[in-house]
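In: give me coordinates for this.
(2 chains)
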Number of protein chains: 2
Amino acid sequence: MSFVERLPRQVTVVEVGPRDGLQNEAQPVPTELKVAFIERLADAGFPVIEVTSFVSPKAVPQLADAEEVMRRIARRPGTRYLALVPNERGLERALAAGCDAIALFTAASEAFSQANVRASIEETFERFRPVAERAQAAGLWIRGYVSTAFHCPYSGPVDPQQVLSVADRLFSLGCHEVALADTIGRATPRDVDRLLALATRAFNPGRLALHFHDTAGLALANVMVGLDHGITVFDAAAGGLGGCPFAPGAPGNLATERLLALLAGLEIETGVDREAVVAAVTELRQSVPGIGARAC
Amino acid sequence: MSFVERLPRQVTVVEVGPRDGLQNEAQPVPTELKVAFIERLADAGFPVIEVTSFVSPKAVPQLADAEEVMRRIARRPGTRYLALVPNERGLERALAAGCDAIALFTAASEAFSQANVRASIEETFERFRPVAERAQAAGLWIRGYVSTAFHCPYSGPVDPQQVLSVADRLFSLGCHEVALADTIGRATPRDVDRLLALATRAFNPGRLALHFHDTAGLALANVMVGLDHGITVFDAAAGGLGGCPFAPGAPGNLATERLLALLAGLEIETGVDREAVVAAVTELRQSVPGIGARAC
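Out: Below is the predicted model:
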């Protein structure tokens, strides 16, 4: 049986543009435009949208309106609205804003964790423990992120065993899903194959997600390798929003439209209307000239 | 065994930029720049370069210097320099210019054949018969092209059985290799899977080549499906030269640099130095401002 014939018939596309995309824009996008963008994306059919992050407004001013965004969006039944939560303070804000799904963000690279959140990997887990306990008690759905799952911009190639170890700790904390992220877009299809050969043996492939950046033009190739290993959850950002903070001018997040074109070409169901995504991005670009200009 | 583990270890990249790329430029490129470009590509390590076409200079003025290009290039031992030959007159010119490898170009779509070469598929084979006989007698290596092997810009989807039939006739004529071409860049990975499931049963996969355009952003995905079916010869154009005459503004030929990045990422040997290809394209672009501006 050929590779294509063995593929899963259905895949979940997680739209991360409103959070991972817009947090990289130089200027904050007005709240009402974010709300309209998120509502249009929900209408396009995404089962999961990562909408914002309850980080410190000082650290990420682009997402300082997290509460307002969460409160103002008209929630579509069946859509999961995900928000990043870095600590207990963030969880309190998320709960007050009516979140029912959160994401915890750590790294497989010690150097990246220090540079990105000024904490060791161990310290991020110390912060997560009370967050996860309270979130579980409140019945929230929890996603974990392992950033720099392949390459670190500071320390180079990342040992797959370190990725498995961090993913295992996230699952043990109570995460329902763990996303392995190629933060700087340097993973090759071989890298993905090697990590997934181990990860899909260690964990249920149905609870793993992949988050690729298209910096080197290999994101879709990497998605295909993921599909080959039975992964059925893939992140992407509408319009390729976000750029790459580590490679100025290069595409960052895999553009959702490109991912949807691939999946359609493989006859894999997503339930997402590609034209509606293009329309949502076009509308945002008309309202915020220059947004995502660096995207592919 | 995963998809990646089953892949071939070595692949032949056929560089078609000097012919398929430059023939689509609005202005002819000066002969000395073509010669320098081809020589740099040969130095980069391509085993096969499609350098020109012995078509009527009236029909394709961009390649009116075919003889001069063939005569002036310093031939690198081990490099095959391929030239398109549409008829006996073209073969005479090619032989006089010292060609030792030619390509015959036909289509799987009757409508495309009529529009592109003003002849039915049957008529192209009538033209090819004496060409192939003389070429074989002269010991030339012969490649056949089946254009519109997936979609025709005039008549829509193309029946795979029609592709097999045309490929079979090309092999019967004495072609050493037959390239199946997605002329308008509309083939999906499913389309490629379906055609190759049949084609690799009908023919030796080692004698089939794939020629993809990146118009819809799926060329690399299609290459991966080709690799999965044991195809080991892929066409590409340095710098994505050529654009797409059927979709203005869209990328045309798959950019060689993108193909080489994928193959390197899959740890597949090509013998081609990617940096040298980038340097060759950069030099050409500096000499001919605006060239390939539509490319990806």
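In: can you map out the helices along the stretch 101-250 of chain A?
Out: Here the stretch 101-250 of chain A has its helices, by DSSP state H, counting those that start in this stretch, at A:110-117, A:121-137, A:160-173, A:189-202, A:219-228.
In: got these as a markdown table, with mean neighbour count, mean pLDDT and distance to A:Arg75 columns?
Out: Bear in mind the C-beta positions are built from the backbone N, C-alpha and C, glycine included. As requested, these are arranged in a markdown table below (neighbours: other Cβ atoms under 10 Å in any protein chain shown; pLDDT from 0 to 100; distance: least, Cβ to Cβ, whole Å):
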| stretch | mean neighbour count | mean pLDDT | distance to A:Arg75 |
| --- | --- | --- | --- |
| helix A:110-117 | 18 | 93 | 29 |
| helix A:121-137 | 17 | 97 | 19 |
| helix A:160-173 | 19 | 98 | 26 |
| helix A:189-202 | 20 | 98 | 32 |
| helix A:219-228 | 26 | 98 | 28 |
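In: using CSV, lay out these together with distance to chain B.
Out: Listed next are the helices of the stretch 101-250 of chain A as CSV, based on distance: least, Cβ to the nearest Cβ, whole Å:
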stretch, distance to chain B
helix A:110-117, 22
helix A:121-137, 27
helix A:160-173, 14
helix A:189-202, 4
helix A:219-228, 4
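In: tabulate those (JSON lines), appending distance to B:Gly185.
Out: Formatted as JSON lines, these follow (distance: least, Cβ to Cβ, whole Å):
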{"stretch": "helix A:110-117", "distance to B:Gly185": "38"}
{"stretch": "helix A:121-137", "distance to B:Gly185": "44"}
{"stretch": "helix A:160-173", "distance to B:Gly185": "36"}
{"stretch": "helix A:189-202", "distance to B:Gly185": "22"}
{"stretch": "helix A:219-228", "distance to B:Gly185": "15"}
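In: so which of those is nearest A:Leu91?
Out: helix A:121-137 (4.9 Å; Cβ to Cβ).
In: quick one, grab the pLDDT at the nearest residue to A:Val85 once chain neighbours are set aside.
Out: Of all residues not flanking A:Val85 in the chain, A:Ile102 sits nearest, at 4.4 Å (Cβ to Cβ, 6 or more residues apart in numbering or on different chains). We have a pLDDT of 98 for A:Ile102.
In: give the bridge partners for A:Ile102, please.
Out: Note on A:Ile102: beta-bridge partners by DSSP bridges are A:Ala83, A:Ile142.
In: could you do the one 5 residues further on as well?
Out: Here A:Ala107 sits in beta bridges with A:Ser147, as judged by DSSP bridges.
In: touching, it and A:His151? I think so.
Out: No - with contact defined as Cβ atoms under 8 Å, A:Ala107 and A:His151 do not form a contacting pair (11.5 Å).
In: neighbour count for the two, which is higher?
Out: Neighbour count, other Cβ atoms under 10 Å in any protein chain shown: between A:Ala107 and A:His151, A:Ala107 has more, with 28 against 22.
In: mind listing the shared neighbours of A:Ala107 and A:His151?
Out: Common contacts of A:Ala107 and A:His151 (Cβ atoms under 8 Å, 6 or more residues apart in numbering or on different chains): A:Thr183.
In: now do the contacts for the residue of the stretch 101-250 of chain A at minimum distance from chain B.
Out: Of all residues in the stretch 101-250 of chain A, A:Thr188 sits closest to chain B, at 3.2 Å by Cβ to the nearest Cβ. By Cβ under 8 Å, 6+ apart, A:Thr188 lies in contact with A:216, A:218, A:222, B:264-267.
In: so what's the closest residue to A:His151 other than its chain neighbours scoring on pLDDT?
Out: Excluding the flanking residues, the one nearest A:His151 by Cβ to Cβ, 6+ apart is A:Arg186, at 4.1 Å. We have a pLDDT of 95 for A:Arg186.
In: I figured A:Arg186 hits A:Gly217, correct?
Out: No - when contacts are counted by Cβ under 8 Å, A:Arg186 is not listed as touching A:Gly217 (11.3 Å).
In: output the lowest mean pLDDT helix or strand found in chain A.
Out: When the helices and strands of chain A are compared on mean pLDDT, DSSP states H and E, helix A:110-117 comes out lowest with a mean of 93.
In: from the contact counts, what lies against that one?
Out: Taking 3 or more Cβ pairs under 8 Å, 6 or more residues apart in numbering or on different chains; DSSP states H and E as contact, the helices and strands that helix A:110-117 lies on are strand A:101-107, helix A:121-137.
In: quick one, the longest one and strand A:101-107 angle?
Out: Spelled out, that is helix A:121-137. 170 degrees (axes from the mean of the first three to the mean of the last three Cα atoms, to 10 degrees).
In: CA atoms only for helix A:121-137 - export them in PDB, please.
Out: Extracted as PDB, the C-alpha positions of helix A:121-137 are listed here (Å, rounded to 0.1, in the frame of the first residue of the first chain):
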ATOM      1  CA  ILE A 121      12.600  23.700  32.300                       C
ATOM      2  CA  GLU A 122      12.400  22.500  35.900                       C
ATOM      3  CA  GLU A 123      11.100  25.900  37.100                       C
ATOM      4  CA  THR A 124       8.400  25.900  34.400                       C
ATOM      5  CA  PHE A 125       7.100  22.600  35.700                       C
ATOM      6  CA  GLU A 126       7.100  24.000  39.300                       C
ATOM      7  CA  ARG A 127       5.000  26.900  38.000                       C
ATOM      8  CA  PHE A 128       2.700  24.400  36.000                       C
ATOM      9  CA  ARG A 129       2.000  22.100  38.900                       C
ATOM     10  CA  PRO A 130      -0.500  24.300  40.800                       C
ATOM     11  CA  VAL A 131      -1.900  25.600  37.500                       C
ATOM     12  CA  ALA A 132      -2.600  22.100  36.200                       C
ATOM     13  CA  GLU A 133      -4.100  21.000  39.500                       C
ATOM     14  CA  ARG A 134      -6.500  23.900  39.600                       C
ATOM     15  CA  ALA A 135      -7.200  23.600  35.800                       C
ATOM     16  CA  GLN A 136      -8.100  19.900  36.200                       C
ATOM     17  CA  ALA A 137     -10.300  20.700  39.200                       C
END
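In: near chain B, which residues of chain A?
Out: Residues of chain A lying close to chain B (Cβ under 8 Å from any Cβ of the partner chain) are A:2-5, A:188-191, A:193, A:196-197, A:216-218, A:220-221, A:224-225, A:228-229, A:258, A:261-262, A:264-267.
In: try 7 Å
Out: A:2-4, A:188-190, A:193, A:197, A:216-218, A:220-221, A:224-225, A:228-229, A:258, A:261-262, A:265-267 (Cβ under 7 Å from any Cβ of the partner chain).
In: ok, now how distant is A:Ala209 from A:Thr256?
Out: 14 Å (Cβ to Cβ, to the nearest Å).
In: which of the two has more neighbours?
Out: Remark: of A:Ala209 and A:Thr256, A:Thr256 carries more neighbours, 32 against 22, as counted by other Cβ under 10 Å.
In: my read: the more buried one touches A:Leu241, true?
Out: No - using Cβ atoms under 7 Å, A:Thr256 is not in contact with A:Leu241, being 9.1 Å away.
In: what touches both of these two?
Out: Counting by Cβ atoms under 7 Å, 6 or more residues apart in numbering or on different chains, the common neighbours of A:Thr256 and A:Leu241 are A:Gly17.
In: gap between stretch A:5-23 and the chain center?
Out: How far stretch A:5-23 lies from its chain's middle: 8 Å, per Cα atoms, centre = their mean, to the nearest Å.
In: quick one: terminal-to-terminal distance for that stretch?
Out: Using Cα to Cα, to the nearest Å, the end-to-end distance of stretch A:5-23 comes to 38 Å.
In: what do you get for stretch A:64-81?
Out: The stretch stretch A:64-81 measures 17 Å between its terminal residues, going by Cα to Cα.
In: pull out the buried positions in it.
Out: Neighbour counts over stretch A:64-81 (16 or more other Cβ atoms under 10 Å in any protein chain shown) mark A:64-67, A:69-70, A:72-73, A:76, A:79-81 as buried.
In: which residues sit against that stretch?
Out: Identification of contacts with stretch A:64-81 by Cβ under 7 Å, 6+ apart yields A:28, A:31, A:34-35, A:38-39, A:42, A:46-49, A:51-54, A:57, A:83, A:93, A:97-99, A:101, A:141.
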